[in-house]
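J.: model this:
(chains A, B and C)
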Amino acid sequence: MRIGELAKRTGASERSLRYYEAQGLLSPSRTPAGYRIYAESDVDVVRHVQTLLAAGLNTAFIKEVLPCMVDTGEGLAPGCPELLPHLQKERARITMSIDGLATARTLLDGVISATPPDNTEYEAWVARRTG
DNA sequence: TTTCTAACA
DNA sequence: TGTTAGGA
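T.: Numbers count the residues shown, from 1 in each chain, chains lettered A, B, ... in the order given. Just a heads-up that it's a prediction; the model follows:
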């Protein structure tokens, strides 16, 4: 099938499909004219890529683990035991990310709720722009 | 009409 | 990632 059909069947944009290929996640064959030809199995590959991306993994990581992932019918499962440590490491990375954002939010909350010493500056600013 | 590559307001 | 130009 060509890119348009794969896009329709997976919900991925054609742009994304070309991007996945550039990242080594897909390797469609080509017609003499250069059009990409995808295998039926690529539909599942794209779905797996989508769920892994949604899980916060980057394409480089996905490229490595994709061959080891197995479709359970429900979702994906690690097909190779040696995959677990890597997946757990990714989970830890996401946790660090969440912690960093939580800290940023706390700091911002502090700024938002802080009471200014006086409003002189602000009032002068408002007066200036409202004329 | 569909797809391709390359490049960016 | 979207979008667009200019071709095939």
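
J.: tell me which element the residue nearest in space to the middle of chain A falls in.
T.: Note on chain A: the residue nearest the mean C-alpha position is A:Leu53, at 4.3 Å, using C-alpha atoms, centre = their mean. If you go by DSSP states H and E, A:Leu53 is part of helix A:42-54.

J.: That helix and DNA strand B in contact?
T.: No. Using C-beta under 7 Å from any atom of the strand as the criterion, no contacts between helix A:42-54 and DNA strand B are found, and the smallest distance is 12.7 Å. All C-beta atoms are positioned from the backbone trio N, CA, C, and that covers glycine.

J.: ok, residues contacting that helix?
T.: Helix A:42-54 is touched from outside by A:6, A:9-12, A:17, A:20, A:25-26, A:28, A:59, A:61-62, A:65-66, A:69, A:71, A:75-76, with contacts defined as C-beta atoms under 8 Å, 6 or more residues apart in numbering.

J.: filter the residues you listed to the buried ones?
T.: Listed as buried from the contacts of helix A:42-54 are A:6, A:10, A:12, A:17, A:20, A:25-26, A:28, A:59, A:61-62, A:65-66, A:69, A:76; burial here means 16 or more other C-beta atoms under 10 Å.

J.: Just flag the most distant two among those residues.
T.: For the buried ones among the contacts of helix A:42-54, the maximum inter-member distance is 22.6 Å, found between A:Leu6 and A:Phe61 (C-beta to C-beta).

J.: how far does the worst-scoring helix or strand of chain A on mean pLDDT sit from the chain's center?
T.: Across the helices and strands of chain A, mean confidence by mean pLDDT, DSSP states H and E is lowest for helix A:120-130: a mean of 79. Distance of helix A:120-130 from the chain centroid (C-alpha atoms, centre = their mean, to the nearest Å) equals 43 Å.

J.: One more: stretch A:82-101?
T.: For stretch A:82-101, the distance between its averaged C-alpha position and the chain's averaged C-alpha position is 14 Å (C-alpha atoms, centre = their mean).

J.: Tell me which residues of it come out buried.
T.: Neighbour-count burial for stretch A:82-101, counted by 16+ other C-beta under 10 Å, picks out A:His86, A:Glu90.
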